[in-house]
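S.K.: Please work out how this folds:
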Amino acid sequence: MSANLKFFILSERPAFQGWKYFWAKNVKGFNSDLHCARCLIGSYIKPIGTRAPVNTEVDLAGHAVGDLIYVCGVAQPYRWANNFHMACRVTGAADDVAAGPMAGGDTVMLRGATRVEFDGSTAERSFAGRGKDFLTCRNFQFGAELAAGRFNCI
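M.R.: Sure, this is the predicted structure:
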């Protein structure tokens with residue numbers, strides 16, 4: 001059953017800019033052998049990308065209540081602290097809005113979803129031998145918590 005889910009970038013600029021990569025996935029699983037986007041198993045969500053429209057609500061069809069969505073942006077020029085990460089669970093409720101401020105002043109919003117908070121503690125505990133590239137990767141940190149059953153969907 002398809003849930004009501006909408007994507008929106010609130011911006012004072014006429015075009016979305018400042019991101020080398022910007023994507024979202026409907027996350028269904030985790031591959032601990034990889035990090036970055038490839039560790040999160042699932043479909044990329046279009047039109048969420050570096051050419052996403054600003055100040056225009058976009059209907060995202062094909063998502064069910066309970067789905068986990070992960071949104072990631074890699075800042076350009078690159079600075080780890082400026083990268084964007086937001087995990088959320090689809091509720092389908094129009095009053096629920098998952099929102100996250102981005103470096104540069106824009107705000108990403110998903111209407112029909114709530115934010116899911118996570119940290120690196122599960123990754124550090126479960127995958128201590130993976131090294132810095134894995135353990136500082138917030139996609140990997142989220143995936144580790146997903147695999148540990150924290151979000152009850154795999």
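S.K.: Run through the protein and note the low-pLDDT ranges.
M.R.: 1, 153-154 (pLDDT under 70).
S.K.: residue boundaries of the strands in it?
M.R.: For the chain, the strands defined by DSSP state E cover 6-10, 19-30, 40-44, 58-59, 68-75, 84-90, 97-101, 107-111, 113-116.
S.K.: buried stuff in the third one?
M.R.: Residues of strand 40-44 classed as buried: 40, 41, 42 (neighbour count, 16 or more other C-beta atoms under 10 Å). For glycine as for every other residue, the C-beta is placed from the backbone atoms N, C-alpha and C.
S.K.: Let's have the residues you listed in TSV, adding distance to residue 123.
M.R.: Below are those laid out as TSV (distance: C-beta to C-beta, whole Å):
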residue	distance to residue 123
40	13
41	16
42	18
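S.K.: from the residues you listed, which single one is nearest residue 133?
M.R.: Residue 133 has its nearest neighbour among those in residue 40, at 15.5 Å by C-beta to C-beta.
S.K.: Do I have it right that the closest one meets residue 26?
M.R.: No - using C-beta atoms under 8 Å, residue 40 is not in contact with residue 26; the gap is 9.6 Å.
S.K.: residues touching residue 39, list them.
M.R.: Listed by C-beta atoms under 8 Å, 6 or more residues apart in numbering, the contact set of residue 39 reads 30, 31, 32, 33, 137, 139, 140, 143.
S.K.: change it to 6 Å
M.R.: Residues near residue 39 by C-beta atoms under 6 Å, 6 or more residues apart in numbering: 31, 139, 140, 143.
S.K.: I'd like to know which of these are buried.
M.R.: Buried subset of the contacts of residue 39 (neighbour count, 16+ other C-beta under 10 Å): 139, 140, 143.
S.K.: Redo those residues as CSV? Include distance to residue 120.
M.R.: What follows is these, written out as CSV (distance: C-beta to C-beta, whole Å):
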residue, distance to residue 120
139, 11
140, 9
143, 11
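S.K.: What about those, which are in helices?
M.R.: The helices, defined by DSSP state H, take in 139, 140, 143 from the buried ones among the contacts of residue 39.
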